[in-house]
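# okay, sequence plus prediction incoming.
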Amino acid sequence: MRTPPAAFWTAATVLALTVAQLAVGTFGGLEQYDGKGFGYRLAVYPLLMLLIPAVWWWRTRDVDAMPWGAFALVMAPFLIDVTGNTFDLYDSIDAWDNINHFVNWLLLLWGLGLLLARADVRPRWLLVVGITGLGAILAVGWELGEWYTFIRRGTELDGAYEDTLSDELLGTLGAFVAALIVERTTRSSRRTDPARP
């Protein structure tokens, strides 16, 4: 096996920083983590971050060819979310939650989109629709997870409906922008790569 690429170390660093902050959030007793489901997050975030690389490795068994750059993009939103809580940005900056949903879905679906773009999707506009649709589904699933873990019993129930709708909209818009980036950046590589059909 060759030396891991820089993208591998980026993904590993993102994972390590996320898990470290999750542990502090779960066991540190700091006020900004109260009522935000950090016990659930400590159990689920690392699994979600490692799910795509694990499935990719299981399907290909080729560690040297793993697309670590795409995996790092998929992992980055988890780090951003936890770091936002660590620095209390959700409570101290009004627009942080909205910015976060747009940017995190852009990064998440950019990474997932790069993986999807490896398939022979034709016509190419279907790739944009597929990435955007996946982003919308994941946004709805995320909001259901937030509701179950900390909104239904927490202090944020009063404005949860409007917040959920705006989060789903911003997540879908972030996914759409990611889809446009993926379509644009992978279009020329598909034409020049002789291994692609």
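Looks like it arrived, so ask away. Residues are numbered from 1 along each chain as shown.
# what is the burial count for residue 51?
11 (other C-beta atoms under 10 Å). (C-beta placed from N, C-alpha, C; glycine too.)
# same question, residue 68
Using other C-beta under 10 Å, residue 68 is surrounded by 19 other residues.
# same question for residue 66.
The tally of other residues near residue 66 (other C-beta under 10 Å) stands at 18.
# for residue 50, see how far away the residue lying closest to it once chain neighbours are set aside is.
Distances taken as C-beta to C-beta, 6 or more residues apart in numbering place residue 56 nearest to residue 66, at 6.0 Å, with adjacent residues excluded. The spacing between residue 56 and residue 50, counted by C-beta to C-beta, to the nearest Å, is 10 Å.
# who's more crowded, those two?
residue 56 (19 against 16).
# tally of neighbours for residue 132?
The number of residues packed near residue 132 is 22, by other C-beta under 10 Å.
# hmm, residue 180 and it touching each other?
No - look at residue 132 against residue 180 with C-beta atoms under 8 Å: they stay out of range, at 9.0 Å.
# by mean pLDDT, flag the weakest helix or strand of this structure.
Ranked by mean pLDDT, DSSP states H and E, the helix or strand of the chain with the weakest confidence is helix 160-192, at a mean of 85.
# in that one, which residues are buried?
160, 163-164, 167-168, 170-179, 181-183, 186 (16 or more other C-beta atoms under 10 Å).
# picking up where we left off before, what residues does the residue nearest to residue 66 make contact with?
By C-beta atoms under 8 Å, 6 or more residues apart in numbering, the contact list for residue 56 reads 66-67, 71, 115.
# ok, 10 Å please
62-63, 65-68, 70-71, 115 (C-beta atoms under 10 Å, 6 or more residues apart in numbering).
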